[in-house]
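Novice: pasting the structure only:
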């Protein structure tokens, strides 16, 4: 109640300040022309304007038939402007200052050749040009996603250096992303700068939602590699993925897409964006997509996803805005059995992964006992079909932001986010697994709710010192309901936790912005409410304490040498991850007794880490080549793991549970290069070496699981005129380790060595202009061009597949 009154009071004071703020600015304008290399105006080009001090204050417009654009009703201050148009590279970002009662004119020529420039906001939570960032960051643009015809966000990130994307089956299957050899939960996911996570997930992260993130209304994706906990809180130990949606503005524009192909695949998509009123007083964008697979990898792997995104911004005065954003998804996935151990294995050591032959796997799926299979040299059973196991996932994220800038040197914003997620898993008795429910079915529901309020201010001290301060209040709730075959054994857990955080960051610029310094600090405090539990819960009657306070710091430096176009940078920071509510109170199911117990331990301590990286960025040949090299080192000082627990355990966890472990170490280096050797050819290549170890051996193995030592990616885009385009991308990794479990007696876990992944895709498109603003693009793509067979942790993946479609844009 006190918090609600506090929020209302702040909102009232700021609302009363609106008339004063409006009087302090008469509405400045910026105008100009976007031209091609011959100086002709480009109709329909998109021009984006970023407020230098606030990432939320970004607006866009489109050029008219003569290539002219115009922004009006702007506040005093410093801005970054960039432009893009179909068939041309994005312009170099330009910094400009506008002052009261003065109109600014800036013309921007677009080139066909050259490395694409970007403005980024994730590195410091404020807009920066790529030459100003002091951290390792990669941008995947909307144009790149379209050229590669990617369905899902995770697929678009496969080529990013330092990232390991795992997809356990066909598109839409369970997906995880690892950064720099760390774990799934060490990468935070944001939507327009706000956290996306599932409070009911085992680690309270976004892993359970990543597979549902379809490409719908995306402007670009920014990937920060390195610690981001001081900026973005929990789950940002290894890095941050920020999905930035289309900002809208300008003339009404949009597209409609339809596509289909192998695996029984169909995709439909529609997008719309524009502005309303004089000087775009209202700016909007929206997108919806539907993806459906009717057959999948084994012919019975149905998957579907319906997603929607939207944004609307009201420019109340030249200095104040109110915006609302939403991102929602509803997905269904048919699950398979987990891979299983088979055959006579060596007594100890790492096992070479040899799959059961496809014809024998089909016999196994039809009910042939293991003892009757022709095993041969096989050491594992790939994921077998399960006709009646499924998972339904939905989430809704709504963000409301009120932002104002009464003066050029002072700004504020208030935002509220609600994030509601639900996962429903159903297990029938028709599968071939050893732990199928007999005599019926079971269902489990995991509901997560996160509500976050942010109050933020930023102010400039002189020309070179910019300070940001933030207060954050968050409530998260985890509700689990489990329904086994016997209703008498139903179980539920309902836990709520509150936290408050304060954050401050200072950014400094010296020597004509060649030297960039940044330092940040975050403190977070937790408050746990008494959980509501089933009567038979092992926690019933106990009292619990909240997790300890968390303190994180972050520092980075970059120096740009204009004479050689070289940037030197370094970044250090410590990270933390609070134990999730599932890790503290999550239930477990005993297939032998048909009853529920617990995996959780309310006494868990937070995870802590320290990370450092240093690198050099180099551009050459009139910006036709940009190369980057980074060394990284991350030490996980204390982590939370799942395994056996000392006996006797006060919570009765005889089959294992969560406990604090000794952490691990990941180090290596990343190399990447982007080149435009000709006006029609773009090239990108990246290589990552990762040496990741765990301090607590897993079956005698200290090497981190699911992380290959070597990973290489390559993308080539060749244009033939303005209409024809070919795109080729390749991902190749060295072998990697993964654990498998034997589900029949003698029960055991062993570490397997799987062959590396080699996957190449080839796509092409032809654009047929209808007029200056409308066009039809016909496209097609072949996935896994070389038909390489590979497994992700023992799960089968698709061989060569093909699809084709068309998009009408206006």
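Specialist: That came through, no problem. Treat the numbers as computed from the prediction; the structure is a model and nothing was measured. Numbering: from 1, shown residues only.

Novice: Report the helix or strand with the lowest average pLDDT across this protein.
Specialist: Of the helices and strands making up the chain, the lowest-confidence element is helix 18-23, at a mean of 44, by mean pLDDT, DSSP states H and E.

Novice: model confidence over the helix or strand just after that one, on average?
Specialist: Sequence-wise, the next helix or strand downstream of helix 18-23 (DSSP states H and E) is strand 28-35. Averaging pLDDT along strand 28-35 yields 90.

Novice: For strand 28-35, buried residues please.
Specialist: 28, 30, 32-35 (16 or more other C-beta atoms under 10 Å). (Glycine included, C-beta is placed from N, CA and C.)

Novice: from what I can see, residue 111 looks like it's in a helix, true?
Specialist: No. Assessed with DSSP: H, G, I helix; E, B strand; the rest coil, residue 111 is coil; it does not lie in a helix.

Novice: Quick one: name whatever helix or strand follows the helix or strand where residue 146 lies.
Specialist: Per DSSP H and E, residue 146 falls inside helix 142-148. The C-terminal neighbour of helix 142-148 among helices and strands, as given by DSSP H and E, is helix 153-156.

Novice: quick one, phi/psi of residue 342?
Specialist: Note on residue 342: its backbone torsions stand at phi -150, psi 160 [degrees, to the nearest 10].

Novice: Nearest spatial neighbour of it, chain-adjacent residues omitted?
Specialist: Closest residue to residue 342 apart from its sequence neighbours, by C-beta to C-beta, 6 or more residues apart in numbering: residue 381 at 5.1 Å.

Novice: ok, what's across the strand from that neighbour?
Specialist: residue 340 (DSSP bridges).

Novice: Excluding sequence neighbours, find me the nearest residue to residue 271.
Specialist: Nearest residue to residue 271, sequence neighbours excluded (C-beta to C-beta, 6+ apart): residue 287, at 4.3 Å.

Novice: Okay, buried residues for the host helix or strand of the one you found please.
Specialist: If you go by DSSP H and E, residue 287 is part of strand 282-293. The neighbour-count check on strand 282-293 (16+ other C-beta under 10 Å) flags 283-293 as buried.

Novice: Starting from it, tell me which strands it pairs with and how they run.
Specialist: Applying DSSP bridges to the sheet, strand 282-293 is found paired with strand 265-276 (antiparallel), strand 303-317 (antiparallel).

Novice: now it: how far from the chain's centre is it?
Specialist: In terms of C-alpha atoms, centre = their mean, to the nearest Å, the centre of strand 282-293 is found 18 Å from the chain centre.

Novice: And the helices in this protein?
Specialist: 2-16, 18-23, 142-148, 153-156, 207-210, 229-232, 358-365, 581-585 (DSSP state H).

Novice: one step back: need the residues that contact the helix holding residue 146.
Specialist: Residues from elsewhere that reach helix 142-148 (C-beta atoms under 8 Å, 6 or more residues apart in numbering): 84, 90, 116, 156, 215, 218-221, 246, 715, 717, 725, 727, 729, 761, 763, 765, 781.

Novice: Once you drop chain neighbours, what's closest to residue 566?
Specialist: In space, residue 566 is closest to residue 618, 5.3 Å off (C-beta to C-beta, 6+ apart).

Novice: what's across from that neighbour in the sheet?
Specialist: Beta-bridge partners of residue 618, as defined by DSSP bridges: residue 566, residue 627.

Novice: Might you report the residue contacts of it?
Specialist: 564-567, 626-628.

Novice: Buried among those residues? Make that a ChimeraX selection.
Specialist: To isolate the buried members of the contacts of residue 618 in ChimeraX, using 16+ other C-beta under 10 Å:
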select :565,567,626,627,628
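
Novice: quick one: average confidence on stretch 412-421?
Specialist: For stretch 412-421, the per-residue pLDDT averages 97.

Novice: Check the burial of the residue nearest to residue 342 by counting its neighbours.
Specialist: Residue 381 is flanked by 27 other residues according to other C-beta atoms under 10 Å.

Novice: Low-confidence regions, the stretch 501-650 of the chain specifically.
Specialist: Along the stretch 501-650 of the chain, segments meeting pLDDT under 70 span 591-596.

Novice: same thing but 90
Specialist: For the stretch 501-650 of the chain, applying pLDDT under 90 flags the ranges 512-513, 528-547, 586-598, 622-623, 643-644, 646.

Novice: quick one, strands of it?
Specialist: Shown for the stretch 501-650 of the chain, the strands assigned by DSSP state E, counting those that start in this stretch span residues 515-528, 532-533, 550-561, 566-577, 587-590, 595-598, 607-620, 625-643.

Novice: One more: the stretch 51-200 of the chain?
Specialist: Going by DSSP E, counting those that start in this stretch, the stretch 51-200 of the chain shows strands at 54-62, 68-74, 77-84, 94-98, 104-105, 108-109, 119-120, 128-129, 136-141, 163-167, 175-179, 187-191, 194-196.

Novice: quick one, which of these is nearest to residue 458?
Specialist: strand 54-62 (6.7 Å; C-beta to C-beta).
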